[in-house]
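In: Attaching a predicted model along with its sequence, questions to come.
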Amino acid sequence: MTEKIKLYDDSKCTACRGCQLACKQWNALKASQTENRGTYQNPPALNPNTFMLIHFQDYVDKQGNVKWLFRKEACMHCTDAACVTVCPSGALHYNKATGTVGLDHDKCIGCKECVAACPFEIPRWDAATDKVYKCDMCESRITNGLEPACVKACPTGALSWGPKEKMLKTAAKRVEQLGGDATTYGDKY
């Protein structure tokens with residue numbers, strides 16, 4: 001199977017959060033009970049019922065204007081994943097067919113080693129189930145030739161899915177179009 005990856009172009013993201021909602025719907029995740037914290041970002045962080053989150057960050061540009069940056073946070077499905085390395089039960093594993101980091105909840109023993117090991121702080125432990133939760137890249141969709149739910153729902157094309165080489169070429173072309181300090185991350189792995 002050709003290795004496929006998800007590409008996120010933050011210059012196209014409007015922070016509509018359609019991807020967050022599609023993830024919740026596809027995975028039958030409960031809504032998170034939150035409160036207004038003076039920001040549009042909701043919920044405040046990933047949790048066992050939120051596998052993907054769009055972060056809102058405001059800043060003041062050189063002209064003194066307040067601007068927003070949006071950043072997608074979800075499992076990066078690392079090719080050398082610390083969470084897989086430290087998982088003593090084999091619950092976290094590489095899915096060779098999809099190129100993703102899978103999670104078998106039946107094997108999860110709730111030790112939280114993966115939570116401590118992930119440099120991106122992605123896996124989230126649920127005290128109610130004593131299990132860890134994270135994005136599985138919509139394994140049930142991609143194994144059937146469909147794109148992840150978040151990609152399907154994205155109205156601006158900020159999220160795309162396809163063969164790794166094609167996505168890297170798309171990213172390089174976009175960086176060239178944007179110029180300035182635009183860059184690509186994750187292209188070395």
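Out: Yep, that arrived.

In: Would you mind giving the domain segments of the protein?
Out: In the assignment given by automatic domain parsing, the structural domains of the chain cover 4-74+141-178, 82-134.

In: Now the residue nearest the centre of the chain: closest residue in space that isn't a chain neighbour?
Out: Centroid check for the chain by CA atoms, centre = their mean gives Ala74 as the closest residue, at 2.3 Å. Nearest residue to Ala74 in three dimensions, chain neighbours excluded: Met52, at 4.1 Å (CB to CB, 6 or more residues apart in numbering). Where C-beta positions appear, they are placed from N, C-alpha and C, glycine not excepted.

In: now the helices: where do they sit in this protein?
Out: Assigned helices in the chain, in chain order: 18-26, 82-86, 113-117, 139-142, 149-153, 164-178 (criterion: DSSP state H).

In: hey, which of those helices is tucked in deepest?
Out: Looking across the helices of the chain with neighbours counted as mean count of other CB atoms under 10 Å, the highest average goes to helix 149-153: a mean of 21.

In: What is the burial count for the residue nearest to Phe56 when sequence neighbours are not counted?
Out: The spatial neighbour of Phe56 that comes closest, neighbours along the chain excluded (CB to CB, 6+ apart), is Gln41 at 4.1 Å. Other residues lying near Gln41 total 17 when counted by other CB atoms under 10 Å.

In: need the contact list for Gln41.
Out: Leu53, Ile54, His55, Phe56 (CB atoms under 8 Å, 6 or more residues apart in numbering).

In: Let me have those in CSV, extended by distance to Asp9.
Out: Supplementary listing: those in CSV, determined by distance: CB to CB, whole Å:
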residue, distance to Asp9
Leu53, 17
Ile54, 13
His55, 15
Phe56, 17
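
In: Show the buried residues in those residues.
Out: Buried members of the contacts of Gln41, counted by 16 or more other CB atoms under 10 Å: Leu53, Ile54.

In: Out of the contacts of Gln41, which sit inside strands?
Out: Restricting those to those inside strands, with DSSP state E as the criterion, leaves Leu53, Ile54, His55, Phe56.

In: between those residues, which is nearest Ala117?
Out: Within the set of those, Leu53 lies nearest Ala117; the separation is 20.1 Å, counting by CB to CB.

In: give the contact list for the residue nearest to the centre of the chain.
Out: Ala74 makes contact with Cys23, Leu46, Phe51, Met52, Leu53, Ile122, Lys134, Cys135, Cys150 under the criterion CB under 8 Å, 6+ apart.

In: I'd like to know how far the residue of the chain most remote from its centre sits from Phe70.
Out: Distance from the C-alpha centroid of the chain peaks at Gln63, with 32.3 Å (CA atoms, centre = their mean). Per CB to CB, to the nearest Å, Gln63 is found 20 Å from Phe70.
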